[in-house]
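Asks: structural data only, the sequence is not supplied:
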Ligand SMILES: Cc1cc2nc3c(=O)[nH]c(=O)nc-3n(C[C@H](O)[C@H](O)[C@H](O)COP(=O)(O)O)c2cc1C
């Protein structure tokens, strides 16, 4: 029997397999099934800044009923009612989830702007969450906003949230920074205990017949994992925080690669939406068997084996990889 025990954000977990925010986490019954199937922890679907603000303005119901009468730019603000039922319900769900499960429950706040809504972190803590994942989803589209300003906004937001709660906070961020290692360090210095790499930005599609920009949601595939592997491998040893991978973890092999990069945990959404909650059992058993058949006695032994800090040959993860890939393509001609 291999020791799969893991410590993430100071929380003891029975394995490194954690459920990522997704709509399956909305039902208490699903949460129980996830625990039974081997989930080591669950990150609940997010409470969105937009929901909090609409509710606080006393606007949420009016907005729902009169959307068509709104000026065009305001109609695009999603009230997320189809996805979850708002702030009060979120706190109740967190509390119920905590009561129903014995594994850690991580709540998720999703926003980008540092303002009053961050005090919901305190309410989430009071509802019993073991930790908080802060998903900062901001697309800097204005030409007058600089990268430095965006980064400062992230840092301020993380500092505001981490200083208002006792529970550990992990930050889920995107890969679109010009100096990812530097901003990672700054976020950790601002109080983040973990970094979750990477947010997937869903790209809208174009409907050429109706001449409309339409939302589109594709589940991930394992090919998306490579971006995460590289960055976790590069950051491991440089950053004093737990690193979690989100995006592209589907198979046992994906889990092992993630651990070898240096990830403390992998978090799964698409794989569960595609294969069902039972996939957690397949992955947990598969991880156990793979480690055993390769003579490892614990996950700790594989963690970071292919990180930059361990392999010595950092060039393989950096620019030289690019040159090597181009060279290989040429020699295949
Ligand atoms: C339908 C769906 C809903 C999601 N909802 C949330 C959410 O509420 N908050 C969040 O931080 N991430 C959300 N995510 C992103 C996932 O948690 C995860 O980070 C992403 O899908 C990449 O992981 P995967 O490759 O395992 O799917 C959602 C993903 C999907 C597919």
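Replies: That came through, no problem. All figures in this text were calculated on a predicted structure; none of them were measured in a lab.
Asks: surely residue 165 is within a helix?
Replies: No - counting by DSSP: H, G, I helix; E, B strand; the rest coil, residue 165 is not part of a helix but coil.
Asks: show the contacting residues for it.
Replies: 121-122, 124-125, 132 (Cβ atoms under 8 Å, 6 or more residues apart in numbering). Any C-beta I mention is one placed from the backbone N, CA and C, and that applies to glycine too.
Asks: buried only: go through these for me.
Replies: In terms of neighbour count (16 or more other Cβ atoms under 10 Å), the buried residues within the contacts of residue 165 are 121, 124-125, 132.
Asks: those in strands, which ones?
Replies: Mapping the buried ones among the contacts of residue 165 onto strands (DSSP state E) picks out residue 132.
Asks: looking at the buried ones among the contacts of residue 165, which is nearest the ligand?
Replies: residue 132 (11.4 Å; Cβ to the nearest ligand atom).
Asks: skipping adjacent residues, who's closest to that closest one in space?
Replies: residue 169 (4.9 Å; Cβ to Cβ, 6 or more residues apart in numbering).
Asks: show the contacting residues for that neighbour.
Replies: Here residue 169 is in contact with 121, 131-134, 158, 161-162, 191-194 (Cβ under 8 Å, 6+ apart).
Asks: same thing but 7 Å
Replies: 132, 134, 161-162, 191-193 (Cβ atoms under 7 Å, 6 or more residues apart in numbering).
Asks: farthest pair within the contacts of residue 165?
Replies: With Cβ to Cβ as the measure, no two of the contacts of residue 165 lie farther apart than 122 and 132, at 10.0 Å.
Asks: hmm, back to that, of the contacts of residue 169, grab the buried ones for PyMOL.
Replies: Selection of buried members from these for PyMOL, criterion 16+ other Cβ under 10 Å:
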select buried, resi 132+134+161+162+191+192+193
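Asks: distance to the ligand and pLDDT added to the contacts of residue 169, as TSV?
Replies: Output for these, formatted as TSV (distance: Cβ to the nearest ligand atom, whole Å; pLDDT from 0 to 100):
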residue	distance to the ligand	pLDDT
132	11	98
134	9	96
161	14	94
162	17	96
191	19	98
192	15	98
193	17	98
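Asks: show me the strands in the stretch 201-333 of the chain, by range?
Replies: 205-207, 212-214, 242-246, 265-268 (DSSP state E, counting those that start in this stretch).
Asks: neighbours of the closest residue to residue 324 other than its chain neighbours, how many?
Replies: Of all residues not flanking residue 324 in the chain, residue 316 sits nearest, at 7.8 Å (Cβ to Cβ, 6+ apart). Per other Cβ atoms under 10 Å, the neighbour tally for residue 316 reads 14.
Asks: change the start of the numbering to 198 and stick with it
Replies: Okay, residue one is now 198; in that scheme the one you just asked about reads as residue 513.
Asks: near the ligand, which residues of the stretch 348-497 of the chain show up?
Replies: 369, 397, 414, 416-417, 443-446, 465-468, 470 (Cβ under 6 Å from any ligand atom).
Asks: give me that answer again for 5 Å
Replies: 397, 417, 443-445, 465-467 (Cβ under 5 Å from any ligand atom).
Asks: taking the residues you listed together, which two end up most distant?
Replies: Every pair of those checked by Cβ to Cβ; the farthest is 397 and 465, at 12.9 Å.
Asks: higher neighbour count, the two?
Replies: Higher neighbour count among residue 397 and residue 465: residue 465, with 29 against 17, using other Cβ under 10 Å.
Asks: any idea how far that one is from residue 358?
Replies: From residue 465 across to residue 358, the span is 25 Å (Cβ to Cβ, to the nearest Å).
Asks: so after the lowest-mean-pLDDT helix or strand in the chain, what's the next helix or strand?
Replies: Least confident element among the helices and strands of the chain, by mean pLDDT, DSSP states H and E: helix 269-272 (a mean of 49). Using DSSP states H and E, the helix or strand that follows helix 269-272 in sequence is helix 284-297.
Asks: and for the helix or strand following that following helix, what's in contact with it?
Replies: As assigned by DSSP H and E, the chain's next helix or strand after helix 284-297 is strand 302-308. Strand 302-308 is touched from outside by 218, 238-246, 291, 294-295, 314, 317-318, 321, 326-332, 334, with contacts defined as Cβ under 7 Å, 6+ apart.
Asks: make CSV out of the strands of the stretch 398-530 of the chain and add distance to residue 378 and mean pLDDT.
Replies: Shown next, in CSV, are the strands of the stretch 398-530 of the chain (distance: least, Cβ to Cβ, whole Å; pLDDT from 0 to 100):
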stretch, distance to residue 378, mean pLDDT
strand 402-404, 33, 89
strand 409-411, 34, 89
strand 439-443, 12, 98
strand 462-465, 20, 98
